[in-house]
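Colleague: sequence plus the predicted model coming up.
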Amino acid sequence: MNLARVAVALSLVALSVGAAGKEPVAFSHNDWELACDNTLTCRAAGYQADSGGSEPVSMLVARKAGPGTPIDIQLQIGDADGVKGTLRFKVGKATVSGLEAGTASFDDSQVRSVLPELLKGDEAQVTAGGGKKWVLSLSGLNAVLLKMDEAQGRVGTPGALVRKGSRPESSALQPVPMPVVNVPRPPKARPGDAALAARIFPSLDLKDALEQCNNQEQVNAKSVEVHRLNDRKVLLALGCGVGAYNYTTLLWIAGDKPPYAPVSLEASGEFDEKDASVTSSMKGRGIGDCWSAETWNFNGKDFVRTGATGDGMCRGFAGGAWSLPRYVSRVVVTEPAATPSKP
């Protein structure tokens with residue numbers, strides 16, 4: 001079983017309810033996928049046919065929530081190093097020339113000419129000098145854009161992408177404000193913090209570690225890292241799950257004095273002391289053309305999720321073709337409150 005695929009699927013389920021609590025906002029069909037984040041900004045990405053012979057090519061159709069918001073379209077080819085000159089994009093009766101090799105953005109007039117043809121076609125072609133050609137599949141595009149319209153409350157309005165109507169444009173859902181998470185900057189490590197690993201380790205609940213860690217030899221106090229979170233709490237990190245191209249780190253929050261009372265976290269990953277964050281990233285397969293990632297930050301009491309992203313389709317783009325956020329927030333790092341001096 002592909003763990004990264006499972007992680008993405010679980011993220012999609014967890015984030016599949018829109019602001020109104022009714023419609024799913026993550027969806028895929030054939031060669032296109034959709035991700036709408038918690039602000040109701042939606043991004044649809046399409047690729048070359050999985051079974052075809054085209055080199056990697058991808059299109060991103062993005063739109064923020066709200067009445068009358070513009071549509072952003074970008075085009076990307078997988079390997080632009082050998083391309084001389086600009087690209088030419090053709091779909092149906094629409095042609096756009098002079099596009100940058102690599103990643104190109106369409107202007108408003110190009111979007112207006114291209115979008116109706118995309119909705120009618122089966123495929124689009126990208127060409128360059130020397131006879132180079134890429135074929136973008138449009139299979140699944142209509143279904144994915146309809147789902148985008150549903151998530152943003154546009155179905156039946158003049159601004160809908162797929163199913164237009166006479167319902168007032170003002171009835172489209174407004175953007176949801178991005179959550180703001182205040183994060184106290186962690187203090188520097190104290191003398192003796194490293195020694196806390198041996199003292200707290202006997203109190204750890206290692207049930208998850210014994211189930212998830214395929215490197216059992218690493219499940220010991222010497223493998224535990226200790227990071228200072230504030231003047232009373234520390235983070236314990238145990239890296240012990242090693243896969244073909246993914247790594248698992250289990251985390252606990254504990255007090256720095258008895259009783260330590262360690263509590264295991266849903267969060268996992270490497271700790272960054274600059275913003276008290278941990279990030280877990282997983283590759284879908286060895287070449288790294290699809291990823292899922294989640295980030296949590298310590299808000300002074302607990303770790304809260306502040307970001308989630310992932311592309312579910314592995315289509316030959318190193319590092320993934322696009323960033324498709326499922327959850328976004330604005331993290332504000334503050335200086336920790338000064339500890340009162342003793343009289």
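Modeller: Structure received. Numbers count the residues shown, from 1 in each chain.

Colleague: quick one: the helices in the stretch 51-200 of the chain?
Modeller: Remark: helices assigned in the stretch 51-200 of the chain by DSSP state H, counting those that start in this stretch are 108-120, 141-151, 196-200.

Colleague: elements contacting the shortest one?
Modeller: Contact partners of helix 196-200 among helices and strands, from 3 or more CB pairs under 8 Å, 6 or more residues apart in numbering; DSSP states H and E: strand 224-228, strand 233-242, strand 247-255. The C-beta positions use only the backbone N, C-alpha and C, and glycine is treated the same way.

Colleague: buried residues, it. List them.
Modeller: Leu196, Ala197, Arg199, Ile200 (16 or more other CB atoms under 10 Å).

Colleague: same thing with stretch 312-332?
Modeller: By neighbour count on 16+ other CB under 10 Å, the buried set for stretch 312-332 is 312-317, 320-322, 324-327, 329, 331.

Colleague: any idea which of those the model trusts least?
Modeller: Lowest in pLDDT among the buried residues of stretch 312-332 is Gly312, which has 74.

Colleague: Asp31 is in contact with that one, correct?
Modeller: No: between Gly312 and Asp31 there is no contact under CB atoms under 8 Å: 11.7 Å.

Colleague: please identify every residue contacting each of these two.
Modeller: Counting by CB atoms under 8 Å, 6 or more residues apart in numbering, Gly312 and Asp31 have no common neighbour.

Colleague: look up how far Val304 lies from Arg232.
Modeller: 18 Å (CB to CB, to the nearest Å).

Colleague: now swap in Leu236 and tell me
Modeller: Using CB to CB, we find Leu236 at a distance of 18 Å from Val304.

Colleague: more crowded one of the two?
Modeller: Of the pair Leu236 and Val304, Leu236 is the one with more neighbours under other CB atoms under 10 Å, namely 23 against 15.

Colleague: that one touches Val226, doesn't it?
Modeller: Yes: Leu236 lies in contact with Val226 (CB under 8 Å); the separation is 5.9 Å.

Colleague: intersection of neighbour lists for these two?
Modeller: Counting by CB under 8 Å, 6+ apart, the residues touching both Leu236 and Val226 are Leu196, Ala197.

Colleague: what residues are bridge-paired with the residue nearest in space to the middle of the chain?
Modeller: The centroid of the chain falls nearest to Thr309 when counting by CA atoms, centre = their mean (0.7 Å). Beta-bridge pairing for Thr309 (DSSP bridges): Ala293, Pro325.

Colleague: list the contacts for it?
Modeller: Trp291, Ser292, Ala293, Ser323, Leu324, Pro325, Arg326.

Colleague: and the next element down the chain from the lowest-mean-pLDDT helix or strand in the chain?
Modeller: Within the chain, no helix or strand scores below helix 3-14, which has a mean of 35 by mean pLDDT, DSSP states H and E. Later in the chain than helix 3-14, the nearest helix or strand by DSSP states H and E is strand 26-29.

Colleague: pLDDT averaged over that following strand - what is it?
Modeller: Here the average pLDDT along strand 26-29 is 92.

Colleague: quick check: which helices or strands does the following helix or strand past that strand pack against?
Modeller: Downstream of strand 26-29, the first helix or strand assigned by DSSP H and E is strand 32-36. With contacts taken as 3+ CB pairs under 8 Å, 6+ apart, strand 32-36 sits against strand 26-29, strand 42-47, helix 141-151.

Colleague: so which of these is the most surrounded?
Modeller: Highest mean neighbour count among these (mean count of other CB atoms under 10 Å): strand 42-47, with a mean of 26.

Colleague: so it versus helix 108-120, what angle?
Modeller: Counting by axes from the mean of the first three to the mean of the last three CA atoms, to 10 degrees, strand 42-47 points 60 degrees away from the direction of helix 108-120.
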